Structure formats: C-alpha cells, structure tokens
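S.K.: using only what follows, build the 3D model:
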Amino acid sequence: MKKKRDKAVSLRTLKKELSILKTGGQKTVFTNGCFDIIHAGHVRYLNKASRLGDVLIVGLNSDKSVKKIKGRNRPIVPEGERAEVLLGLASVDYVVLFDESTPIRLIETVLPDVLAKGADWSAEKIVGADIVKKNGGTVARVKLVEGKSTTNIIKKITRLKG
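M.R.: All right, here's what the predicted structure looks like:
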C-alpha cells in the first residue's frame, strides 16, 4: 500500500518511487493540468484516468505556468493548495509541479504506461503522446463532463457580481 501524501513531490523523489513501483509491476498513468478551482468535472476525469492503471500521477502547472497559459489573473487558487486538494482525492497518488507551458519534460522522465488527457484534445495535439507510444505505452482520451470547467465557474461568478 502506498503512503498517502499531502503535498507535491519533487521530480527526483517521484523518479525514485516510480522505479520501485514499476519494478513491482505497477501500471502508471500520467495526466496534467492547471486544476484551478477543482470541481466535479475534475474529480470525474481523475477517477476515470486512475482506472486506466494502478498509480495516477498528476503533473500540476505551477502558478508561474498557469499565468503564462491563462493570464495574469490566474490561478485563483495557489499551487500548494491545488496540490493538497488533488492529493485529497482517492484517485490521485502523486502530484508533481512543473513551471513550463507543457509537461514534456515530466513525461520524458516519468515515461508512463498510459498518458491520459481530456477528449477535448485531438490525438495529434496531446503533448508527449509520441514519446509514450515509442516507449510501449498508450494514450487515452478521457471523456469530460460537458459544461464543467473552471472557466465556466469564473464566468458565472463574474455574472453574479455584475
């Protein structure tokens, strides 16, 4: 049984632990995202992704990375708190932060058995898919819950403030 964590791990720590898990035959699943204002759509997505293997690793965009992607007003929730909430979900085993715009470096290091991404991403646009496939892994496009997104929550709050 794996130890439940309450904060993100370093890539170095993750590499060590993955070595042990893979030697033990554990199937690893990797996904990534900003996970700002975690909602039911996130939870359902992560539950589906976790069922694709034995260990779910979430690459979490750092605050710096989220600002690059989403703009200066994001994230709403700081990275440490986003990591803590993710790790509070039964489906999530590891969270590792990354500062880059894409998780390519993480994927190259982790080399998951399964790379999971939302079905809103076309197969050819999934970052790292080629690397995972080249190393014998698979890519899974996970169906999302329609209408559930952090952007929609922010829009609704903005309308309410009005």
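S.K.: dump the residue contacts of residue 83.
M.R.: 7-8, 60, 95, 97 (CB atoms under 8 Å, 6 or more residues apart in numbering). Quick note: C-beta positions are derived from backbone N, CA and C, even for glycine.
S.K.: rerun that using 6 Å as the cut-off
M.R.: 7-8, 60, 95 (CB atoms under 6 Å, 6 or more residues apart in numbering).
S.K.: now, which of those residues lie within strands?
M.R.: 60, 95 (DSSP state E).
S.K.: show me what the residue nearest to the spatial centre of the chain is bridged to.
M.R.: The centre of the chain sits closest to residue 32, judged by CA atoms, centre = their mean, with a distance of 2.6 Å. For residue 32, the beta-bridge partners under DSSP bridges are residue 59.
S.K.: quick one: it from residue 121, how far?
M.R.: Distance check for residue 32 against residue 121: by CB to CB, to the nearest Å, it reads 11 Å.
S.K.: lowest average confidence, helix or strand, in the protein?
M.R.: The weakest-scoring helix or strand in the chain, judged by mean pLDDT, DSSP states H and E, is helix 150-161 (a mean of 78).
S.K.: what pLDDT does residue 1 get?
M.R.: Listed pLDDT for residue 1 reads 43.
S.K.: swap in residue 148?
M.R.: 71.
S.K.: what kind of secondary structure is it in?
M.R.: coil (DSSP: H, G, I helix; E, B strand; the rest coil).
S.K.: name the element the spatially closest residue to it that is not a sequence neighbour belongs to?
M.R.: Once flanking residues are discounted, residue 148 sits nearest to residue 41: 2.8 Å by CB to CB, 6 or more residues apart in numbering. According to DSSP states H and E, residue 41 maps onto helix 40-50.
S.K.: follow-up on the earlier one: farthest-apart pair in the contacts of residue 83, please.
M.R.: Greatest spacing in those, by CB to CB: 7 and 60 (11.0 Å).
S.K.: which of those two has more residues huddled nearby?
M.R.: A count of neighbours by other CB atoms under 10 Å puts residue 60 above the other of residue 7 and residue 60, at 25 against 10.
S.K.: one step back: my guess is the residue nearest to the centre of the chain contacts residue 103. True?
M.R.: Yes: with contacts defined as CB atoms under 6 Å, residue 32 counts as touching residue 103 at a distance of 4.3 Å.
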